[in-house]
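> Take this sequence and fold it.
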Amino acid sequence: MSYKVGIIGTGYVADLYMRSIESFPEIEVVFAYDITDSHLERFCNYWHAARASSLEEALKQDNLDLVLNLTNPGAHYSISKQCLEAGKNVYSEKPLALEMGQAYELHKIATEKNLLIGSAPCNFLSEAAQTIRYALKTQNTGKPYLIYAELDDDFIPQAPYKKWLSESGAPWPYEDEFKVGCTLEHAGYYLTWLMTIFGSVKRVIAASENLIENKLPKGGTAPDYSTAILFFESGVVARITCSIVAPHDHQMRIFCENGVLKVDECWDNSSKVRFTRRFSLRRRLINSPFSKTIKLPGPTHAKVGRSGAAAMNFALGPIDMLEAIKQGKPCRVSADFALHLNEVTLAIQNSSDDTGVQIMKTKMPFVEPMPWSNYSAVNSA
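Here you go, the predicted model:
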């Protein structure tokens with residue numbers, strides 16, 4: 001089965017998608033479009049992609065299965081809306097929208113037109129994330145109670161980020177990154193894991209601050225630090241921290257009744273998952289100095305090489321949507337999922353205005369595990 005995909009936005013992240021799409025030969029990129037001619041020319045020359053002269057022309061294609069909206073965050077809403085109104089399914093880079101009203105509108109349009117809209121990140125479909133889910137069912141971890149998730153990326157304002165180029169030569173979009181902030185850009189990499197495992201977030205207590213005010217000459221930058229406590233309807237509590245100030249740390253630890261489940265890096269689809277048991281010895285409580293590495297029993301998904309700090313297949317989300325469209329099955333990367341993710345992320349991002357406790361209005365749908373995760377077999381045993 002073959003799938004036809006169009007790409008809107010040919011900046012830095014588009015190269016990561018193209019390299020990931022190569023791992024799925026059934027996906028054909030039928031056009032690329034960018035509002036900036038030089039960006040489009042560079043991208044299409046490098047990837048030998050067909051160019052669309054306008055967005056209107058591109059969206060007239062009848063055989064288009066999915067549009068990848070890889071524009072800058074401020075354009076996500078308007079571009080996704082235009083694609084949906086043209087009758088096209090959409091996979092958007094994160095965030096789905098910068099305002100919840102816009103996110104609700106996209107969800108409504110997609111529902112009324114019987115279309116799919118989903119959003120990045122898709123690393124919750126990765127081997128590492130699925131292994132966490134599998135481990136909670138198979139390793140006698142006991143009940144999970146508390147999660148600490150870290151998304152600190154070091155002191156980025158002092159990094160040589162103006163020299164960072166994508167594979168085809170696109171510059172890292174530092175202005176967008178600083179204006180949108182590390183929470184909207186990065187929190188989803190662990191939020192999606194937690195939501196697929198533990199379900200809906202009931203309420204959020206968060207704080208955020210723009211600590212380094214001179215990241216851009218004219219100001220106007222978003223918080224570069226945030227921390228949030230998430231209360232899930234399932235009873236689990238998680239603390240998630242994002243910053244571009246503290247030294248690099250992407251570990252997540254799940255504190256369970258019988259020990260600690262840990263992964264070091266959410267940006268590596270193959271990051272090892274380890275379980276450390278806890279036991280009593282005489283009058284002392286001991287956390288074992290030895291950890292067990294948890295592995296899934298068989299092959300998982302297509303892997304891609306490392307690019308910068310990440311080793312992620314950015315096409316796992318699009319291929320899930322494409323298979324759902326063609327096979328008429330439920331989509332893991334659903335509109336309900338994207339809406340709940342957007343609400344939780346914005347609750348963290350916007351906490352600098354002393355909003356206090358925020359009660360979530362959206363719900364997290366059940367997400368079927370990946371077929372290779374062996375979770376379903378264990379769960380039904």
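> Could you pull up phi and psi at the residue lying farthest from the centre of the chain?
Taking Cα atoms, centre = their mean, the residue of the chain most remote from its mean C-alpha position is residue 282, at 44.8 Å. Dihedral pair for residue 282: phi 60, psi -110, per degrees, to the nearest 10.
> Same question for residue 19.
Dihedral angles for residue 19 - degrees, to the nearest 10 - are phi -70, psi -30.
> neighbours around it, how many?
19 (other Cβ atoms under 10 Å). Where C-beta positions appear, they are placed from N, C-alpha and C, glycine not excepted.
> So for it, what's the nearest residue that isn't a sequence neighbour?
Leaving aside its sequence neighbours, residue 19 sits nearest to residue 304 (Cβ to Cβ, 6 or more residues apart in numbering; 5.9 Å).
> Average pLDDT for the helix or strand encompassing residue 91, rounded please.
Residue 91 belongs to strand 90-92 when assigned by DSSP states H and E. Here strand 90-92 scores 98 as its mean pLDDT.
> which residues are in contact with the following helix or strand past it?
Of the helices and strands lying after strand 90-92 in sequence (DSSP H and E), the nearest is helix 100-112. The contact list for helix 100-112, computed with Cβ atoms under 8 Å, 6 or more residues apart in numbering, reads 77, 80-81, 84-85, 90, 96-97, 115-117, 335-336, 338-339, 342-343, 346.
> just the buried members of those residues?
Using 16 or more other Cβ atoms under 10 Å as the burial test, the contacts of helix 100-112 include 77, 80-81, 84, 90, 96-97, 115-117, 335-336, 338-339, 342-343, 346 as buried.
> Of the residues you listed, which belong to strands?
Of the buried ones among the contacts of helix 100-112, the ones assigned to strands by DSSP state E are 90, 117.
> And stretch 76-88, how far out from the chain middle?
Offset of stretch 76-88 from its chain centre (Cα atoms, centre = their mean, to the nearest Å): 20 Å.
> ugh, typo on my part, it should be stretch 95-106
Relative to its chain's centre, stretch 95-106 lies at 16 Å (Cα atoms, centre = their mean).
> And stretch 19-26, by the same measure?
With Cα atoms, centre = their mean as the basis, the mean position of stretch 19-26 lies at 19 Å from the chain mean.
> What strands flank the strand holding residue 91, and is each parallel or antiparallel?
strand 66-69 (parallel), strand 117-119 (parallel) (DSSP bridges).
> Mean neighbour count, these: which tops it?
Mean neighbour counts were compared across the strands paired with strand 90-92 using mean count of other Cβ atoms under 10 Å; the top stretch is strand 117-119, at a mean of 28.
> State the distance from residue 33 to residue 321.
19 Å (Cβ to Cβ, to the nearest Å).
> Over to residue 349?
Residue 349 is 25 Å from residue 321, where distance means Cβ to Cβ.
> quick one: the strands in the stretch 251-381 of the chain?
Remark: strands assigned in the stretch 251-381 of the chain by DSSP state E, counting those that start in this stretch are 252-256, 259-263, 273-281, 284-287, 292-294, 357-359.
> Can I get these in TSV including mean neighbour count?
TSV is the format used below for the strands of the stretch 251-381 of the chain (neighbours: other Cβ atoms under 10 Å):
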stretch	mean neighbour count
strand 252-256	22
strand 259-263	22
strand 273-281	16
strand 284-287	9
strand 292-294	14
strand 357-359	13
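> Let's have those in a markdown table, adding mean pLDDT and distance to residue 20.
Shown next, in a markdown table, are those (pLDDT from 0 to 100; distance: least, Cβ to Cβ, whole Å):
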| stretch | mean pLDDT | distance to residue 20 |
| --- | --- | --- |
| strand 252-256 | 98 | 23 |
| strand 259-263 | 98 | 21 |
| strand 273-281 | 94 | 22 |
| strand 284-287 | 92 | 38 |
| strand 292-294 | 97 | 25 |
| strand 357-359 | 88 | 34 |
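> possible to save these as TSV with distance to residue 162?
Listed next are the strands of the stretch 251-381 of the chain as TSV, based on distance: least, Cβ to Cβ, whole Å:
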stretch	distance to residue 162
strand 252-256	31
strand 259-263	32
strand 273-281	36
strand 284-287	44
strand 292-294	39
strand 357-359	36
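> Pull out the buried residues from stretch 307-326.
By neighbour count on 16+ other Cβ under 10 Å, the buried set for stretch 307-326 is 310-325.
> Select from the buried ones among the contacts of helix 100-112 every entry located in helices.
Among these, DSSP state H puts 77, 80-81, 84, 335-336, 338-339, 342-343, 346 in helices.
> quick check, nearest of these to residue 20?
Minimum distance to residue 20 across those is 19.2 Å, recorded for residue 338 (Cβ to Cβ).
> and whichever strand or helix holds residue 137 with strand 259-263, angle?
Element membership for residue 137, per DSSP H and E: helix 127-138. Helix 127-138 and strand 259-263 meet at an angle of 160 degrees, taking axes from the mean of the first three to the mean of the last three Cα atoms, to 10 degrees as the criterion.
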